[in-house]
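# I would like to see how this sequence folds:
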Amino acid sequence: MIFPIEDLKKQDTPCYYYDLQLLRRTLTSLNAEIAGWPYYVHYAVKANANPVLLNEIRQAGLGVDCVSGWEVQRVVENGFSPEKIVFAGVGKTDKEINYTLDNDIFCFNVESLPELEVIDQLAAQKGKVAKVAIRINPNIDAHTHKYITTGLNENKFGITLDMLDGVINRALELKNVSLEGIHFHIGSQLTDMSPYKMLCDTINELLTNLESKGVMLKIVNVGGGLGIDYDNPDEHEVPDFAGFFSIFKTGLQLRQGQQLHFELGRSIVAQCGALITRVTFVKEAKVKKFAIVDAGMSDLIRPALYQAHHKIQNLTGDDNVTCHYDVVGPICESSDCFGEDELLPKVTRGDLLAIRSAGAYGEIMASRYNCRPFANVFVKQ
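Predicted coordinates for the structure are as follows:
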């Protein structure tokens with residue numbers, strides 16, 4: 001990632017900085033791996049809904065995965081074709097469903113029998129037939145943080161395998177839904193690929209079972225969750241898309257005419273973004289040195305919420321002298337800490353720090369806690 005330091009010095013901080021050249025390289029790499037295959041990638045909008053990034057993603061030909069009616073509205077307003085929009089989420093309201101039906105999107109990913117029946121009822125009122133895929137909870141452990149694991153029986157998402165036959169039979173009975181496929185999502189920030197291999201085995205068995213009952217599906221949606229390297233972002237600016245897609249190319253037995261859909265988010269946008277923050281004070285306590293910065297957990301909540309670690313760089317410090325610092329924000333919470341015992345070029349008041357890999361679940365999760373304004377945005381074309 002290239003930092004235009006002189007330009008960044010002129011920005012009000014905290015500031016989200018996006019490198020569009022890196023985003024474009026990422027999208028090019030992704031598209032190269034799916035070329036020639038019946039694969040379709042829907043960008044997970046929950047990772048980052050900045051219109052500038054959405055425009056690049058749309059121009060690259062990707063679809064979008066939305067988990068709220070407001071995300072659907074955002075992507076419609078940003079020019080995405082309805083046939084490239086999928087709508088997931090465990091708690092879709094009638095208002096959200098109606099808006100989405102009015103826009104004739106590609107598919108609803110349905111997470112429960114009650115939801116399926118409500119979509120059928122609302123579609124009937126409009127004289128429409130809604131395309132649906134049933135989200136299945138395959139009880140596969142993604143070996144990630146418990147807050148971002150979604151594929152276990154204990155999680156709130158999807159329909160368990162023992163309930164699937166009943167839900168599919170009901171979907172086939174309903175007049176105003178069209179059963180198009182099945183959907184999975186087992187978790188986020190997966191760096192161990194073995195859960196995806198297990199998912200392929202589960203899907204292969206499931207497709208064979210459904211075929212034996214005369215159920216032929218057009219869509220298999222395996223979700224997203226591919227992780228990125230938070231510790232060494234410059235060494236792995238673009239994720240290993242080749243390794244990721246090869247698992248499905250070799251391990252999944254698609255039938256003739258079936259499409260394989262993905263919902264990647266973090267792996268597309270995380271590395272192209274950084275949170276830029278200025279050092280307000282350097283405080284030397286009895287045991288530690290604190291670099292107190294003007295960004296807080298209201299700007300980037302991942303460290304406080306997930307105990308996540310982002311690489312921190314001093315963009316303006318002297319590399320010849322290094323010290324250990326706790327990098328902390330101004331929020332009146334002890335959890336407002338971006339990193340403990342960080343080895344950085346000596347920090348002085350006014351230095352610019354970059355909190356890396358913040359393009360996903362950074363700006364989009366910001367809040368107004370302590371009545372703080374949202375961070376500014378600076379984009380490098």
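
# mean confidence score for stretch 72-83?
If you average the pLDDT over stretch 72-83, you get 97.

# Figure out the length between the terminal residues of it.
12 Å (Cα to Cα, to the nearest Å).

# Show me what counts as buried in it.
72, 74-76, 78, 80 (16 or more other Cβ atoms under 10 Å). C-beta: built from backbone N, CA, C; applies to glycine.

# Stretch 184-201 too?
Neighbour-count burial for stretch 184-201 flags 184-190, 195-200 (criterion: 16+ other Cβ under 10 Å).

# for it, what is the average pLDDT?
For stretch 184-201, mean pLDDT is 91.

# Surely residue 231 forms part of a helix?
No. Counting by DSSP: H, G, I helix; E, B strand; the rest coil, residue 231 is not part of a helix but coil.

# ok, so of the buried residues of stretch 72-83, who is nearest residue 116?
Nearest to residue 116 among the buried residues of stretch 72-83 is residue 72, at 18.5 Å by Cβ to Cβ.

# With adjacent residues omitted, what lies nearest to the closest one?
residue 66 (4.7 Å; Cβ to Cβ, 6 or more residues apart in numbering).

# I figured the one you found hits residue 75, correct?
Yes. Using Cβ atoms under 8 Å, residue 66 is in contact with residue 75, at 6.4 Å.

# which residues are in contact with both of the two?
Here residue 66 and residue 75 share the contacting residues 45, 85, scored by Cβ atoms under 8 Å, 6 or more residues apart in numbering.

# The stretch 201-350 of the chain: helices as residue ranges?
For the stretch 201-350 of the chain, the helices defined by DSSP state H, counting those that start in this stretch occupy 241-251, 266-269, 302-306.

# want to try TSV for the ones you listed, with mean pLDDT, distance to residue 280 and mean neighbour count as columns?
Below are the helices of the stretch 201-350 of the chain laid out as TSV (pLDDT from 0 to 100; distance: least, Cβ to Cβ, whole Å; neighbours: other Cβ atoms under 10 Å):
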stretch	mean pLDDT	distance to residue 280	mean neighbour count
helix 241-251	97	39	16
helix 266-269	98	28	28
helix 302-306	94	18	18
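
# Could you tell me how many residues sit around the closest residue to residue 90 other than its chain neighbours?
Closest residue in space to residue 90, ignoring its immediate chain neighbours: residue 111 at 4.7 Å, by Cβ to Cβ, 6+ apart. Look at residue 111: counted by other Cβ atoms under 10 Å, it has 22 neighbours.

# same thing with residue 316?
Residues lying near residue 316 (other Cβ under 10 Å) number 18.

# Could you report the pLDDT at it?
The model's pLDDT for residue 316 equals 96.

# Show me the shaky parts of the stretch 1-150 of the chain.
Low-confidence segments of the stretch 1-150 of the chain, defined by pLDDT under 70, are located at 141-150.

# Just the helices from it, written as ranges.
Using DSSP H, counting those that start in this stretch, the helices assigned to the stretch 1-150 of the chain run over residues 5-9, 20-34, 51-59, 69-77, 94-102, 113-126.

# which one of these lies closest to residue 286?
Using Cβ to Cβ as the measure, helix 5-9 is the one of the helices of the stretch 1-150 of the chain that comes nearest residue 286, at 33.3 Å.

# As JSON lines, the helices of the stretch 201-350 of the chain with distance to residue 48 would be great.
JSON lines is the format used below for the helices of the stretch 201-350 of the chain (distance: least, Cβ to Cβ, whole Å):
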{"stretch": "helix 241-251", "distance to residue 48": "18"}
{"stretch": "helix 266-269", "distance to residue 48": "5"}
{"stretch": "helix 302-306", "distance to residue 48": "13"}
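
# Measure how buried the closest residue to residue 337 other than its chain neighbours is and give me the count.
Spatial nearest neighbour of residue 337, chain neighbours left out: residue 328 (4.8 Å); criterion: Cβ to Cβ, 6+ apart. As a burial measure, residue 328 scores 22 neighbours (other Cβ under 10 Å).

# Then residue 2?
Look at residue 2: counted by other Cβ under 10 Å, it has 8 neighbours.

# Skipping its backbone neighbours, what lies nearest it in space?
residue 19 (6.4 Å).

# and if you look at residue 345?
Nearest to residue 345 is residue 317, by Cβ to Cβ, 6+ apart, at 3.1 Å.

# residues in contact with that neighbour?
Contact partners of residue 317, counting by Cβ under 8 Å, 6+ apart, are 344-348, 351.

# Let's see that with 6 Å instead.
345-346, 351 (Cβ atoms under 6 Å, 6 or more residues apart in numbering).

# Was I right to think residue 292 contacts residue 279?
No. Counting by Cβ atoms under 6 Å, residue 292 stays clear of residue 279, with 7.0 Å between them.

# Neighbour count for these two, which is higher?
residue 279 (22 against 18).

# And for the closest residue to the more buried one other than its chain neighbours, the neighbour number?
Beyond its immediate neighbours in the sequence, the residue positioned closest to residue 279 (Cβ to Cβ, 6+ apart) is residue 351, lying 4.5 Å away. The local packing of residue 351 (other Cβ under 10 Å) involves 20 other residues.
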